[in-house]
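A.B. asks: below is the sequence, then the predicted model.
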Amino acid sequence: MRLVDLVRMLSLAGIWGASFLFMRIIAPVLGTIPTAFFRVSIAATGLVVILALMRVRWNFGGKLKVILILGVINSGVPATLYSVAAQVLPAGYSSIFNATTPLMGVLIGGLFFSEKLTLTKMAGVFLGLLGVGVLTRAGPVAFNLDLLMGALACLLATTFYGFAGFLARRWLDQQGGLDPRLSALGSMLGATLFLLPLFGLSVINQPPVSWGGMSVWLSLLGLGLVCTAFAYILYFRLLTSIGPVKSMTVTFMIPPFGVLWGALFLGEPLSMAHLYGGLLIALALWLVLKPGAAAKV
């Protein structure tokens with residue numbers, strides 16, 4: 001892997017780790033659907049401005065329809081599910097469960113997209129899950145129904161991420177590919193259109209008790225502009241550069257950042273189990289990302 005791709009992965013992990021911090025601040029105040037809708041709509045608005053300033057031509061090459069659908073799968077549904085989790089789980093917990101994305105990617109790739117399931121890759125994924133398990137034990141939340149529902153929401157989100165990674169490569173990289181900035185914009189527009197009617201219904205039927213203060217809206221700006229708009233440009237660039245399975249392993253890097261941001265800004269506790277889990281995740285990354293042995297002629 002090139003150094004520039006590794007830097008992109010680390011940057012993306014730090015940014016996405018912060019997204020769980022922001023959602024933990026926002027979701028308990030605004031609720032599930034408003035949090036998800038504002039996240040993707042702010043991201044879409046930010047991307048429109050960014051692309052206008054960069055003078056990027058809006059040429060989707062006949063792929064606008066598929067990128068809108070991909071936006072629902074890769075952004076709209078997962079954003080909603082993580083907003084559900086953020087109401088009951090600490091930021092560190094959500095980031096930890098998010099690390100199951102590569103497992104979903106490997107399994108989905110093997111079952112539906114003819115990806116080769118090597119023993120090394122499977123060992124790396126399961127070792128990463130072991131690290132996730134160690135980290136989970138370090139958190140402050142007791143095992144109960146709330147934890148179970150929050151975890152299920154996160155795991156469903158990673159399943160959608162797993163499918164989206166392969167669909168993005170199949171739908172967007174053919175016939176010359178698509179500019180990652182346009183991929184990110186189309187994805188956010190699709191997610192916004194998907195969530196708009198749900199947002200309207202939620203406001204009519206069950207409006208938030210409070211629309212929040214300055215901290216909530218600053219968190220929304222950070223979540224939408226940095227953790228979503230800018231992050232998805234990085235993500236689609238990675239998909240094109242290193243493929244879906246390796247791109248999804250960025251989620252192994254997110255838990256340490258999510259735990260760190262939660263500890264620094266939300267007072268979530270730290271323990272040695274975080275260190276042990278982090279080391280296991282680092283070893284898992286090496287197994288999944290290391291180049292395969294050269295074939296003998």
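C.D. replies: Received it, and whenever you're ready, just let me know what you need.

A.B. asks: and the helices in the stretch 51-200 of the chain?
C.D. replies: 64-71, 77-86, 91-98, 101-112, 119-137, 145-172, 180-205 (DSSP state H, counting those that start in this stretch).

A.B. asks: what packs against the third one?
C.D. replies: Just to be clear, that refers to helix 91-98. Using 3 or more C-beta pairs under 8 Å, 6 or more residues apart in numbering; DSSP states H and E as the contact test, the elements touching helix 91-98 are helix 3-30, helix 77-86, helix 119-137, helix 145-172, helix 250-266. Every residue, glycine included, has its C-beta placed from N, CA and C.

A.B. asks: coming back round to it: which of the helices of the stretch 51-200 of the chain sits closest to residue 250?
C.D. replies: helix 101-112 (8.4 Å; C-beta to C-beta).

A.B. asks: one step back: could you say which of the helices of the stretch 51-200 of the chain is packed most deeply?
C.D. replies: For the helices of the stretch 51-200 of the chain, the largest average neighbour count (mean count of other C-beta atoms under 10 Å) is found in helix 91-98, namely a mean of 29.

A.B. asks: now it and helix 119-137, what's the angle there?
C.D. replies: 160 degrees (axes from the mean of the first three to the mean of the last three C-alpha atoms, to 10 degrees).

A.B. asks: name the helix or strand of this structure that has the lowest mean pLDDT.
C.D. replies: helix 244-248 (a mean of 72; mean pLDDT, DSSP states H and E).

A.B. asks: ok, so what distance separates residue 47 from residue 41?
C.D. replies: Counting by C-beta to C-beta, to the nearest Å, the separation of residue 47 from residue 41 is 11 Å.

A.B. asks: which residues sit in contact with residue 34?
C.D. replies: Residue 34 makes contact with 199, 202-203, 208, according to C-beta atoms under 8 Å, 6 or more residues apart in numbering.

A.B. asks: just give me the least confident of those.
C.D. replies: Lowest pLDDT of these: residue 208, 87.

A.B. asks: correct me, but that one touches residue 28?
C.D. replies: No: using C-beta atoms under 8 Å as the test, residue 208 is too far from residue 28 to be in contact (10.2 Å).

A.B. asks: of the contacts of residue 34, which is the nearest to residue 32?
C.D. replies: Checking these one by one against residue 32 (C-beta to C-beta), the nearest turns out to be residue 202, at 7.9 Å.

A.B. asks: contact partners for the closest one?
C.D. replies: With C-beta under 8 Å, 6+ apart, residue 202 has these contacts: 31-34.

A.B. asks: most neighbours among those, please name it.
C.D. replies: Among the contacts of residue 202, residue 34 has the most neighbours (other C-beta atoms under 10 Å), with 23 neighbours.

A.B. asks: now do that residue, the pLDDT please.
C.D. replies: 95.

A.B. asks: repeat for residue 264
C.D. replies: pLDDT, read off for residue 264, is 89.

A.B. asks: what about it, distance to residue 116?
C.D. replies: With C-beta to C-beta as the criterion, residue 264 and residue 116 are 40 Å apart.

A.B. asks: go on, residue 127?
C.D. replies: 19 Å.

A.B. asks: ok, residue 127 touching residue 285?
C.D. replies: No: in this structure, residue 127 is not within contact of residue 285 by C-beta under 8 Å, at 9.4 Å.

A.B. asks: for the protein, give me the ranges with low pLDDT.
C.D. replies: Along the chain, the parts satisfying pLDDT under 70 run over 1, 135-143, 173-177, 245, 248, 289-297.

A.B. asks: next up, the contacts around residue 172.
C.D. replies: 63, 66-67, 70, 178, 183, 236, 239 are the contacts of residue 172 under C-beta under 8 Å, 6+ apart.

A.B. asks: let's see 7 Å
C.D. replies: 63, 67, 178, 183 (C-beta atoms under 7 Å, 6 or more residues apart in numbering).

A.B. asks: relative to residue 90, how far out is the first one?
C.D. replies: Using C-beta to C-beta, one gets 39 Å for the distance from residue 63 to residue 90.

A.B. asks: between the two, tell me which one has more neighbours.
C.D. replies: Neighbours were counted for residue 63 and for residue 90 using other C-beta under 10 Å; residue 90 has more, 25 against 19.

A.B. asks: so is the residue lying closest to that one once chain neighbours are set aside in a helix, a strand, or just coil?
C.D. replies: Distances taken as C-beta to C-beta, 6 or more residues apart in numbering place residue 268 nearest to residue 90, at 5.0 Å, with adjacent residues excluded. With DSSP: H, G, I helix; E, B strand; the rest coil as the basis, residue 268 sits in coil.

A.B. asks: thanks a lot, see you next time.
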